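# Sharing a sequence plus its predicted fold:
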Amino acid sequence: MSSEKKSKGKDLGTPIGIITGFIIIFIGIAVQKSSASIVERLTWFGSPSAFFIVLGSTIAAAMVAIPFNSIKTIPAVIGITVRSLSFDYLAVIKKMCDLASIGRKDGLFALEKHAREIEDPFFSNYLEQATFERDSKKLKDNMDMEMNNIASRHEAGAELFTFMGTYAPAFGMMGTVMGLIIMMFGFDTGGGGNVAEKFRDLLQGMATALITTLYGVVSANLIFLPIAAKLERRSINELRHKEIVAQGILMLHAKEHPILIKEKLMNFVPKDEKKKKKSEKPDTK
């Protein structure tokens with residue numbers, strides 16, 4: 001296991017949550033009292049045209065709002081939501097203190113070989129820079145610049161899904177209005193034919209038109225906005241990890257005492273992580 005991360009596996013919360021949400025919706029449809037069968041009721045909510053209108057218009061609006069290159073990153077961004085990025089902040093602090101002890105004893109140049117052994121590219125790269133860069137301000141500026149670039153990329157990914165979650169309900173309503181307009185112009189009570197059948201067709205058409213509103217609400221609140229929220233949370237966690245590394249490297253560069261380094265870096269660790277560490281007692285058996 002790496003000293004920088006707790007897990008490199010999969011975080012299945014996003015797909016499981018989305019699938020569970022759809023299952024709950026299907027169960028809600030199934031338990032409704034109706035003379036129609038469950039399968040028939042489910043088919044009422046299927047509409048390729050409504051799906052095309054909502055999804056197509058939402059993506060088109062997102063293309064207008066943000067650069068086209070960001071649209072192409074949708075598959076990659078979705079992939080991030082299922083990748084586990086749980087950082088072990090306490091392990092990073094321990095590693096930093098160990099390196100500080102080596103640096104104070106053998107000098108900063110002795111840390112170069114240790115830098116190559118660290119898996120985290122950010123940690124490894126700037127620890128190596130700290131061994132030959134004398135100007136701490138330049139070292140700090142380099143780390144700050146990369147962290148700002150990382151934050152910008154994260155913000156762009158979350159912003160994309162926030163936009164889509166904002167637009168989808170509106171385009172769902174637009175599809176409903178379009179369907180109602182088409183129905184109203186197509187409805188004709190004159191001429192031959194059973195009036196009751198015509199009104200039945202009208203009501204069925206209204207139900208079909210309302211499906212686009214349903215698609216817009218579900219896609220926004222079950223898919224787009226939750227993904228945006230998860231991306232924002234992951235960004236906060238990763239930037240906190242980078243901040244711990246950056247501050248630790250600067251203190252290493254200044255040859256501060258490991259105890260002082262640990263005390264300062266512990267301020268960045270969330271309270272629940274600290275409590276979890278305190279509750280863990282060594283097995284004396």
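That came through, no problem.
# May I have stretch 140-159 exported as CSV, CA atoms only?
The C-alpha atoms that make up stretch 140-159 are tabulated as CSV, following Å, rounded to 0.1, in the frame of the first residue of the first chain:
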residue,chain,number,x,y,z
LYS,A,140,6.7,27.6,-3.2
ASP,A,141,5.6,29.5,-6.3
ASN,A,142,6.1,26.4,-8.5
MET,A,143,4.0,24.3,-6.1
ASP,A,144,1.3,27.0,-5.9
MET,A,145,1.2,27.2,-9.7
GLU,A,146,0.6,23.5,-10.1
MET,A,147,-2.0,23.4,-7.4
ASN,A,148,-3.9,26.3,-9.0
ASN,A,149,-3.8,24.4,-12.4
ILE,A,150,-5.1,21.2,-10.7
ALA,A,151,-7.9,23.3,-9.0
SER,A,152,-8.8,24.8,-12.3
ARG,A,153,-9.1,21.4,-14.0
HIS,A,154,-11.3,20.1,-11.1
GLU,A,155,-13.5,23.2,-11.3
ALA,A,156,-14.0,22.8,-15.0
GLY,A,157,-15.1,19.1,-14.6
ALA,A,158,-17.6,19.9,-11.8
GLU,A,159,-18.8,23.0,-13.6
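# Please list the residues outside it that contact it.
Outside of stretch 140-159, the residues within contact range by Cβ atoms under 8 Å, 6 or more residues apart in numbering are 66, 70, 73, 77, 80, 122, 126, 129, 228-229, 231-232, 234-235, 238-239, 242-243, 246, 249-250. For every residue, glycine as well, the C-beta is placed using N, CA and C.
# Go through this protein and flag its longest helix.
Among the segments of the chain that qualify as a helix by DSSP state H, the longest is helix 136-186.
# I'd like to know how far residue 124 sits from residue 148.
From residue 124 across to residue 148, the span is 20 Å (Cβ to Cβ, to the nearest Å).
# Compare these two (neighbour count), which wins?
Here residue 124 and residue 148 are set side by side on neighbour count (other Cβ atoms under 10 Å), and the busier one is residue 124, at 17 against 11.
# Contact partners for that one?
Neighbours of residue 124 in contact, by Cβ under 8 Å, 6+ apart: 115-116, 118.
# Run a quick neighbour tally on the residue lying closest to residue 245 once chain neighbours are set aside.
Spatially, and ignoring its direct neighbours in sequence, residue 245 is nearest to residue 123 (4.9 Å; Cβ to Cβ, 6 or more residues apart in numbering). Residue 123: 24 surrounding residues under other Cβ under 10 Å.
# Next: residue 22.
Neighbours of residue 22 (other Cβ under 10 Å): 12.
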